[in-house]
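Q: could you look at this predicted model? Sequence included:
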Amino acid sequence: METATPQKEIIDAIKASGGDAFKSCYQCGMCDTVCPWNRVSKFSMRKLVREATFGLTEIDNEDIWRCTTCGKCPQVCPRDVQQIKSGVALRRIATEYDVFAGGASPIPGVAASLKAEGNPFGEARSKRADWAKDLNVKRFAEGMEILYSPGCYLAYDPRGKKIAKATVEILQAAGVDFGILGTDESCCGESIRKTGDETLFRNLARSNIAQLIGNGVKKILVSSPHCYHSFKNEYPEFMVHFEVVHITEYVHQLINEGRLKLTKEVARNVTYHDPCYLGRHNGIFEQPREALKSVPGLKLNEMAESKKNSFCCGGGGGRIWMETPKGERFSDLRLEQAAQTGAEVLVTSCPYCITNFEDSRLGRPDGGASIEVKDMTEIIREAI
């Protein structure tokens with residue numbers, strides 16, 4: 001099969017998807033100096049930009065699938081090249097030709113599951129609310145204070161369900177009037193959009209928007225930074241505007257308002273990892289830290305790379321579904337950075353980060369005995 005596309009087609013596709021900023025690149029190489037891939041392997045965003053500018057990239061090029069869309073290179077780019085938009089444009093071409101190089105091979109299966117059941121796991125839609133059984137969680141009704149949207153990972157993944165349970169117990173302890181949409185909710189579509197499947201993203205978004213409007217939802221609480229990013233920054237493309245709050249913001253607010261009382265001591269040394277889509281992409285840095293500092297007995301240590309310079313876990317840009325060879329996993333390096341702070345617990349607030357860090361933890365020489373991985377809500381729940 002011929003996988004090289006005409007130069008003009010590539011250039012036109014990049015322009016059509018908002019990636020025309022490629023032409024502004026003057027090859028300074030700043031993107032390569034901050035790219036996390038160059039800490040574990042070799043990858044040149046600068047080279048990819050150069051090739052795409054002239055329509056030379058082949059769609060079976062493994063490099064177009066490497067970017068985790070972590071956002072580090074755009075924040076140092078002196079010419080606003082918008083590497084993420086342009087890189088996604090290349091993936092759209094590959095998706096149209098059904099060409100998924102190397103580690104991207106699971107993507108068609110994920111897309112099929114999203115189309116059939118509204119989640120990436122191949123699980124039945126009918127099971128989407130099973131995590132909430134025995135937790136006394138109500139179906140959302142118009143007039144409730146907030147809709148809780150746990151997202152796919154917290155609805156289906158065994159590790160994620162523990163986070164959803166902790167979240168519900170926090171909301172109940174604070175007296176929040178909330179509900180869920182359960183089986184009427186589908187994946188937000190953020191990650192499949194980053195793999196280049198724009199049509200599927202738009203279908204998922206329209207389905208969710210219809211449910212949100214039809215149920216009278218005005219305020220959405222989410223656990224995933226990827227859901228947060230999509231609902232807050234991408235769904236307005238469909239001329240809708242919901243108030244979107246991430247759980248780290250909401251917990252911080254509940255504590256400050258006196259609705260959530262943290263009285264139990266949690267005497268642990270912890271360090272906090274900033275998820276890319278919560279921190280760099282959406283500027284939420286202080287709220288999770290302030291919430292953790294409110295926990296009696298807890299000591300928060302910072303890693304060298306934190307806040308806007310946080311080191312990516314490797315799960316963004318759809319890579320949470322792709323294969324990453326051992327030895328090239330960002331999460332291994334990040335977990336070591338956490339251990340170097342003397343922390344007993346690596347705390348974060350993203351299901352993708354949790355998934356990758358748990359895998360890396362179990363792969364450590366001590367089998368993960370020296371450090372735990374927890375979501376911020378699990379720590380807060382311990383303190384109630």
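A: Nice, thanks for sending it over. Residues are numbered from 1 along each chain as shown.
Q: and stretch 372-381, how far apart are its ends?
A: From its first residue to its last, stretch 372-381 covers 16 Å (Cα to Cα, to the nearest Å).
Q: just stretch 57-67 next, same as before
A: Using Cα to Cα, one end of stretch 57-67 lies 15 Å from the other.
Q: how far out from the middle of the chain is that stretch?
A: 21 Å (Cα atoms, centre = their mean, to the nearest Å).
Q: how about the closest residue in space to residue 340 that isn't next to it in sequence, secondary structure?
A: Closest residue to residue 340 apart from its sequence neighbours, by Cβ to Cβ, 6 or more residues apart in numbering: residue 303 at 7.8 Å. Just so you know, the C-beta spots here come from the backbone N, C-alpha and C atoms, and that holds for glycine as well. What DSSP: H, G, I helix; E, B strand; the rest coil gives for residue 303 is coil.
Q: tell me the spacing between residue 303 and residue 382.
A: 22 Å (Cβ to Cβ, to the nearest Å).
Q: so for the two, which residue has more residues nearby?
A: residue 303 (21 against 16; other Cβ atoms under 10 Å).
Q: report pLDDT for that one.
A: pLDDT for residue 303: 97.
Q: quick one, phi psi at it?
A: phi -80, psi 160 (degrees, to the nearest 10).
Q: dump the residue contacts of the residue nearest to residue 340.
A: With contacts defined as Cβ atoms under 8 Å, 6 or more residues apart in numbering, residue 303 is in contact with 271, 273, 310-311, 337-338, 340-341.
Q: again with residue 178
A: With the criterion set at Cβ under 8 Å, 6+ apart, residue 178 makes contact with 138, 140, 144-148, 171, 221.
Q: from those residues, which land in strands?
A: 146-148, 221 (DSSP state E).
Q: returning to that earlier point: among the contacts of residue 303, which are located in strands?
A: Reading strands off those with DSSP E, I get residue 271.
Q: with the contacts of residue 303 in mind, which one is nearest to residue 236?
A: residue 310 (25.9 Å; Cβ to Cβ).
Q: distance-wise, check that closest one relative to residue 264.
A: Taking Cβ to Cβ, one finds residue 310 at 29 Å from residue 264.
Q: these two - which one has more neighbours?
A: Neighbours were tallied for residue 310 and for residue 264 using other Cβ under 10 Å; the higher tally belongs to residue 310 (24 against 12).
Q: what count of nearby residues applies to the residue found closest to that one once you drop the neighbours it is linked to in the chain?
A: Excluding its sequence neighbours, the residue lying closest to residue 310 (Cβ to Cβ, 6+ apart) is residue 274, at 3.8 Å. For residue 274, the count of nearby residues is 26 (other Cβ under 10 Å).
Q: so what's the closest residue to residue 204 other than its chain neighbours up against?
A: Among residues not flanking residue 204 along the chain, residue 189 sits closest, at 3.7 Å (Cβ to Cβ, 6+ apart). Listed by Cβ under 8 Å, 6+ apart, the contact set of residue 189 reads 114, 200-205, 208, 230.
Q: residue nearest the centroid of the chain?
A: residue 226 (3.8 Å; Cα atoms, centre = their mean).
Q: which SSE is residue 87 in?
A: Following DSSP states H and E, one finds residue 87 within helix 83-96.
Q: pull the distance from the helix or strand that that helix is followed by to the chain's centre.
A: Once helix 83-96 ends, the next helix or strand along the chain (criterion: DSSP H and E) is helix 107-117. Relative to the centre of its chain, helix 107-117 is centred 18 Å away, using Cα atoms, centre = their mean.
Q: for stretch 350-365, same thing?
A: With Cα atoms, centre = their mean as the basis, stretch 350-365 stands 14 Å off its chain's centre.
Q: likewise stretch 322-331?
A: 17 Å.
Q: cheers, nothing more for now.
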